[in-house]
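# have a look at this fold, sequence not included:
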């Protein structure tokens, strides 16, 4: 008896589902339109079908331009500002600024040739290019030996960092 009730309920359920699937669909439902996607597709179609302008096959007309004439350029003879390269006399310390309160960059050996970049704004100091690292460092004047023709007025005055 119990099995008969289950079979009857199952048959009724299947009949209801089958009849619902045979109903006509609602005619007043409109599909949503993807406006952005449609516009993008139309734009891509226009871009892909356009062609680039073809170059003109005729060259431009010739001009009556005279050929260039060459003139002699004057010879450049630079006058060296420093007649000789300064040398270190004794073993000198090279600091990041004027004095031992600044970090030590390197120690310079006796007779080491250096390039002077400027005069320190603190008296008694010159700013040089470190021959080992290529950076700027400060050396006391007493450790530098200059040529007698050296003119320190051509160098810029440099403040400490």
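Yep, it's here. Owing to the predicted nature of the structure, the values given are computational and were not obtained by experimental measurement. Numbering: from 1, shown residues only.

# now do residue 150, the pLDDT please.
In the predicted model, residue 150 carries a pLDDT score of 81.

# before we move on, what about residue 12?
Per-residue confidence for residue 12 comes out at a pLDDT of 84.

# in a helix, it, correct?
Yes - applying DSSP: H, G, I helix; E, B strand; the rest coil, one finds residue 12 inside a helix.

# that one: how many residues sit nearby?
Using other Cβ atoms under 10 Å as the criterion, residue 12 is surrounded by 10 other residues. Every C-beta, even on glycine, is put in place using the N, C-alpha and C of the backbone.

# now do the contacts for it.
The neighbourhood of residue 12, defined by Cβ atoms under 8 Å, 6 or more residues apart in numbering, contains no residues.

# what about the helices in this protein?
If you assign secondary structure with DSSP state H, the helices in the chain sit at 2-21, 35-49.

# which stretch in the ones you listed is the model least sure about?
Of all the helices of the chain, helix 2-21 has the smallest average pLDDT, which comes to a mean of 76.

# buried residues of that helix, list them for me.
Judged by neighbour count (16 or more other Cβ atoms under 10 Å), helix 2-21 contains no buried residues.

# what of stretch 103-115?
Residues 105, 108, 112, 114 are the ones in stretch 103-115 that count as buried (16+ other Cβ under 10 Å).

# spatially nearest residue to the residue most central in space within the chain, not counting backbone neighbours?
Central residue check for the chain by Cα atoms, centre = their mean: the C-alpha nearest the mean position is that of residue 135, 23.0 Å away. Once its chain neighbours are removed from consideration, residue 135 has its nearest residue in residue 105; the separation is 6.8 Å (Cβ to Cβ, 6 or more residues apart in numbering).

# hang on, the earlier thing: for the helices of the chain, could you give me JSON lines that also reports distance to residue 85?
Written out in JSON lines, the entries for the helices of the chain read as follows (distance: least, Cβ to Cβ, whole Å):
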{"stretch": "helix 2-21", "distance to residue 85": "102"}
{"stretch": "helix 35-49", "distance to residue 85": "66"}
